[in-house]
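Peer 1: predicted model and sequence follow; I will ask about them next.
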Amino acid sequence: MKFPICSVEGNNTPSFQCAGAILNSKYVLTAANCLDPESLGEKRLSVIHLGDYNLDTEKDCLLTLLGLRCSKPHIAVGIEETVLHPDYNIRGKYSDDIALIRLNATLNFEDRSTTIGPVCLPPKDFNFKAFAGNRTPVAAGWGLSKYGEGSNILFRVNIPIADDALCRKRYKENFVGNQLCIGGSEGGFDTCSGESGSPLVMPGYYAPPFLEVGIASFGPFPCGLEGFPTVYTNVADYRDWIIKNMKP
């Protein structure tokens, strides 16, 4: 039922203002546009919600043959520090769209192993398309949409890799490199408003752990349009920056 690497970024009430992925017990990886004052307007990111599935319920429950099975309530954690990439928005709109959030509490994965857990960074010299081969990456988040409809339920779906040439055609100078072109297929799911920062992941060759290969950055409006892919920040290109900017 859960996809443990996801977080919801918002205020005291869960919302899908943005999303992110848990890196370790202190850090969440997200998009810089989720923290940029110009993008947020009067909104301010103040709380990270972890371990949530249905944003409309306090507890997430599943009816099984043995009765109703409920997980622990989600937890809300404050923010100690944020780090935006210094080149964000310089080469083009949403270029270098990556940021780190340091939590003001330390997560305990053993206590909540079924509802929260960390994602892995790609290894050094990682090549996304070579690693993916004929497999499709997995997108997870609350703003995933088919035919432009959002959701308060956490979706986890396979989204095909699109040709970079299509993103260059659609987004011109805003597709600047260090990015992945994903989705835009007929009748498929795509990320929507409120889903910036959500992770695009690939499982290992044989099983999880998941590697976070992309961070949802921007796409068409309305979302879910055929022939209009979503652009993700290519996490592998920022591996060294991420590691350098995480404190113990």
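Peer 2: Perfect, I can see it now.

Peer 1: return the helix or strand in this protein with minimum mean pLDDT.
Peer 2: Using mean pLDDT, DSSP states H and E, the weakest-scoring helix or strand in the chain turns out to be strand 145-146, at a mean of 52.

Peer 1: so which bits of the longest helix anywhere in the chain are buried?
Peer 2: Longest helix of the chain, by residue count under DSSP state H: helix 164-171. For helix 164-171, a neighbour-count test (16 or more other Cβ atoms under 10 Å) marks 167, 170-171 as buried. (Glycine included, C-beta is placed from N, CA and C.)

Peer 1: now flag whichever of the residues you listed is closest to residue 236.
Peer 2: residue 167 (17.2 Å; Cβ to Cβ).

Peer 1: pLDDT score for that closest one?
Peer 2: We note a pLDDT of 96 for residue 167 in this prediction.

Peer 1: now it. Nearest residue, chain neighbours left out?
Peer 2: The shortest distance from residue 167 to any non-neighbouring residue, by Cβ to Cβ, 6 or more residues apart in numbering, is to residue 181 (3.7 Å).

Peer 1: same thing with residue 136?
Peer 2: residue 158 (4.2 Å).

Peer 1: what residue lies at the spatial centre of the chain?
Peer 2: Among the residues of the chain, the one closest to the centroid is residue 198, at 1.4 Å (Cα atoms, centre = their mean).

Peer 1: and the residue lying closest to residue 106 once chain neighbours are set aside, what is it in contact with?
Peer 2: Nearest residue to residue 106 in three dimensions, chain neighbours excluded: residue 25, at 4.9 Å (Cβ to Cβ, 6+ apart). Taking Cβ atoms under 8 Å, 6 or more residues apart in numbering as the contact definition, residue 25 lies against 106-109, 118.
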